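[1] need a structure here:
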Amino acid sequence: MKKKSILIVLAVLLVFIATTPIKESFAYFTAHDEASGEASVDLTWSTELKEEIKDNEKHITIANTGNTPVIARVKVFAAEYAKITAGDGWIENADGWWYYSKILEVGQSTPTEVYVSIVGDPEYDFEIVVVHESSRVVYKDGSIVKPAKWNYVPNVTVA
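    Residues are numbered from 1 along each chain as shown. Take a look at the predicted model:
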């Protein structure tokens, strides 16, 4: 009985092997193709904050030092003796950030500045701390995608 069962299993296996398109199955697993050439994509971005002191006033600009267009913003932390203003193209938002309203292309700097001037006669020494952020420009449906953690993005234009 045992020999008969083994023979039946072997017969079924043989029929299965004979009717299965093994060549095509092996072709699927062994097919390959080669390509040559290269294309580099660099999606990194970087910006540089430039601060200059002139006539008791801090002048702030941002330069795009990366490889892709960016949008940028600046936040100034200072005592009540500091007055913050900005040139054309800068927009102050309710979140306390100053947004530059133009896209900074590679190698460009903001042509206008954010100014921090000292008003009155301070009773103590204090620091003026400037923080800047930038994000590469990403479009979706023709509009710039708001970067994560940004509450606002102005209707930016190409500088």
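[2] Could you use CA atoms for every contact and neighbour count after this?
    OK.
[3] any idea of the mean pLDDT in the host helix or strand of residue 13?
    For residue 13, the host element (DSSP states H and E) is helix 2-19. In this model, helix 2-19 has a mean pLDDT of 78.
[4] How far off centre is that helix?
    62 Å (CA atoms, centre = their mean, to the nearest Å).
[5] can you check stretch 52-68 too?
    Here the centre of stretch 52-68 is set off from its chain's centre by 21 Å, with CA atoms, centre = their mean.
[6] how long is it from one end to the other?
    Terminal residues of stretch 52-68 lie 26 Å apart, using CA to CA, to the nearest Å.
[7] Contacts for it, please.
    Residues from elsewhere that reach stretch 52-68 (CA atoms under 8 Å, 6 or more residues apart in numbering): 42-51, 70, 72, 104-118, 136-137.
[8] Among the residues you listed, name the ones in helices.
    Within the contacts of stretch 52-68, no residue falls in helices by DSSP state H.
[9] List only those of those residues flagged as buried.
    When the contacts of stretch 52-68 are checked for burial by 16 or more other CA atoms under 10 Å, the buried set is 45-47, 70, 72, 104-106, 108-110, 112-118, 136-137.
[10] hang on, the earlier thing: show me which positions of the helix holding residue 13 end up buried.
    Neighbour-count burial for helix 2-19 [16+ other CA under 10 Å]: no residues qualify.
[11] okay, it in PDB with CA atoms only?
    Provided in PDB are the C-alpha atoms of helix 2-19 (Å, rounded to 0.1, in the frame of the first residue of the first chain):
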ATOM      1  CA  LYS A   2       2.900   2.300   0.800                       C
ATOM      2  CA  LYS A   3       4.600   1.700  -2.500                       C
ATOM      3  CA  LYS A   4       1.300   2.400  -4.300                       C
ATOM      4  CA  SER A   5       0.800   5.700  -2.500                       C
ATOM      5  CA  ILE A   6       4.400   6.800  -3.400                       C
ATOM      6  CA  LEU A   7       3.800   5.900  -7.000                       C
ATOM      7  CA  ILE A   8       0.600   7.900  -7.200                       C
ATOM      8  CA  VAL A   9       2.300  11.000  -5.700                       C
ATOM      9  CA  LEU A  10       5.200  10.600  -8.100                       C
ATOM     10  CA  ALA A  11       2.800  10.300 -11.100                       C
ATOM     11  CA  VAL A  12       0.900  13.400 -10.000                       C
ATOM     12  CA  LEU A  13       4.100  15.300  -9.600                       C
ATOM     13  CA  LEU A  14       5.300  14.200 -13.100                       C
ATOM     14  CA  VAL A  15       2.000  15.300 -14.700                       C
ATOM     15  CA  PHE A  16       2.300  18.600 -12.900                       C
ATOM     16  CA  ILE A  17       5.900  19.200 -14.100                       C
ATOM     17  CA  ALA A  18       5.000  18.200 -17.600                       C
ATOM     18  CA  THR A  19       2.100  20.600 -17.900                       C
END
